[in-house]
Structure formats: C-alpha cells, structure tokens
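1. Below is the sequence, then the predicted model.
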Amino acid sequence: MESEVAQALAERLAETIVEFAEANEMQAADVLAALEFNYACVERTHIHDELPHKMH
C-alpha cells in the first residue's frame, strides 16, 4: 500500500515538474535542480537552527 502511494505521488510530482517547466519555458531538469537546491538550503537552515540547542 505505501509503495503504491509513494509511486502515485512520485508520478504526480514528475508531472507537476514537467507542467511547471513547460509553463515557464524551462527544462524539467532545471526545475528539479532548483527544488533540490532549495531542499538543501532548508536542511542546512534546520541543522543550523538545531546546533545551538545540541551544544548546551
């Protein structure tokens, strides 16, 4: 069940990336790279926010 849901979400995400790329005259790979960069920034911020708490 979970794998079916994950597969459906992955397919919908891929469709959304392609639709967004086409609507903005971009390549899907560029949209995906931007999403991955944004995720990395959020993760880095989250880790940075947690560090002072873990040091005490």
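-> Good, I have the coordinates.
2. Give me the pLDDT for Lys54.
-> Lys54 is assigned 56 on the pLDDT scale.
3. likewise Glu2?
-> On pLDDT, Glu2 comes in at 86.
4. now Cys41
-> 85.
5. what helix or strand is it on?
-> helix 28-55 (DSSP states H and E).
6. Repeat that for Ser3.
-> With DSSP H and E as criterion, Ser3 is part of helix 2-23.
7. Counting by contacts, list what that helix packs against.
-> Other helices and strands packing on helix 2-23, by 3 or more Cβ pairs under 8 Å, 6 or more residues apart in numbering; DSSP states H and E, are helix 28-55. (Glycine included, C-beta is placed from N, CA and C.)
8. which residue packs closest to the residue most central in space within the chain, ignoring adjacent ones?
-> Most central in the chain under Cα atoms, centre = their mean is Leu35, positioned 4.5 Å from the mean C-alpha point. Leaving aside its chain neighbours, Leu35 sits nearest to Ile17 (7.5 Å; criterion: Cβ to Cβ, 6 or more residues apart in numbering).
9. Could you count how many residues lie near the one you found?
-> 18 (other Cβ atoms under 10 Å).
10. pLDDT score for it?
-> Reading off the confidence values, Ile17 has pLDDT 92.
11. Now for it: which residues touch it?
-> Contacts for Ile17 were tallied using Cβ atoms under 8 Å, 6 or more residues apart in numbering; they are 28, 31-32, 35.
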